[in-house]
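Show me how the following folds:
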Amino acid sequence: MNNKLVGWSDICELGIEEIDLQHHYFLNLIIRLEKELGNTDDHVYKQALFTELGLYTHFHFVSEENLMYREKYPELAKHKEHHESLIDGLNRSKLRFEKEQIEAVEVIEFLYHWFVQHTMGEDRKFAEFLGGAKA
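Numbering: from 1, shown residues only. Okay, the predicted model is just below:
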């Protein structure tokens, strides 16, 4: 796989420590998922990896939304819709992968795209609202 973002870098930083730490861990989960899906034929293990990713994603989104709520972010409802859409996309990708309708590389590409687009786009808007976004 040839992704421009293969690990954490300063460009990922939003300047909000709590969110940056969670994003860093989330990216590490994607990287680990990419490696592990390519290294195992164990269906149970693959399921467990997707479960871990899904649970962490849910945790992160709730945590982020709570922070937005506390800070009275005016775009919270729209941001929650983005999160719901991303969860739906993750669930669809997982099901299609399990049914062997798509390859692991397609799931990983979806996740990298999702991470970059959402973090650099939607999450950066919140950071700018707080005055914390890095240029």
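
okay but residue 89 is in contact with residue 117, surely?
No: taking contacts as Cβ atoms under 8 Å, residue 89 lies outside contact range of residue 117: 11.1 Å. C-beta coordinates here come from the backbone N, C-alpha and C atoms, glycine included.

What values do phi and psi take at the nearest residue to residue 122 once chain neighbours are set aside?
Closest residue in space to residue 122, ignoring its immediate chain neighbours: residue 82 at 5.3 Å, by Cβ to Cβ, 6 or more residues apart in numbering. With angles defined as degrees, to the nearest 10, residue 82 sits at phi -60, psi -40.

Number of residues surrounding residue 82?
By other Cβ atoms under 10 Å, 17 other residues sit near residue 82.

what about the helices in the protein?
17-39, 43-70, 76-98, 104-117, 124-130 (DSSP state H).

Kindly export the last one (C-alpha atoms) in PDB.
Think helix 124-130. Extracted in PDB, the C-alpha atoms of helix 124-130 (Å, rounded to 0.1, in the frame of the first residue of the first chain):
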ATOM      1  CA  ARG A 124      -9.600  21.200  12.200                       C
ATOM      2  CA  LYS A 125     -12.700  23.500  12.100                       C
ATOM      3  CA  PHE A 126     -13.300  22.700  15.800                       C
ATOM      4  CA  ALA A 127      -9.700  23.400  16.600                       C
ATOM      5  CA  GLU A 128      -9.900  26.800  14.800                       C
ATOM      6  CA  PHE A 129     -13.100  27.600  16.700                       C
ATOM      7  CA  LEU A 130     -11.100  27.000  19.900                       C
END
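
I'd like the distance from that helix to the chain centre, please.
Here helix 124-130 is found 17 Å from its chain centre; the criterion is Cα atoms, centre = their mean, to the nearest Å.

Pull out the buried residues from that helix.
124, 126, 127 (16 or more other Cβ atoms under 10 Å).

Same list, the helices of the chain, but as a markdown table with mean pLDDT and distance to residue 10 please.
Formatted as a markdown table, the helices of the chain follow (pLDDT from 0 to 100; distance: least, Cβ to Cβ, whole Å):
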| stretch | mean pLDDT | distance to residue 10 |
| --- | --- | --- |
| helix 17-39 | 91 | 10 |
| helix 43-70 | 93 | 20 |
| helix 76-98 | 92 | 23 |
| helix 104-117 | 88 | 14 |
| helix 124-130 | 92 | 13 |
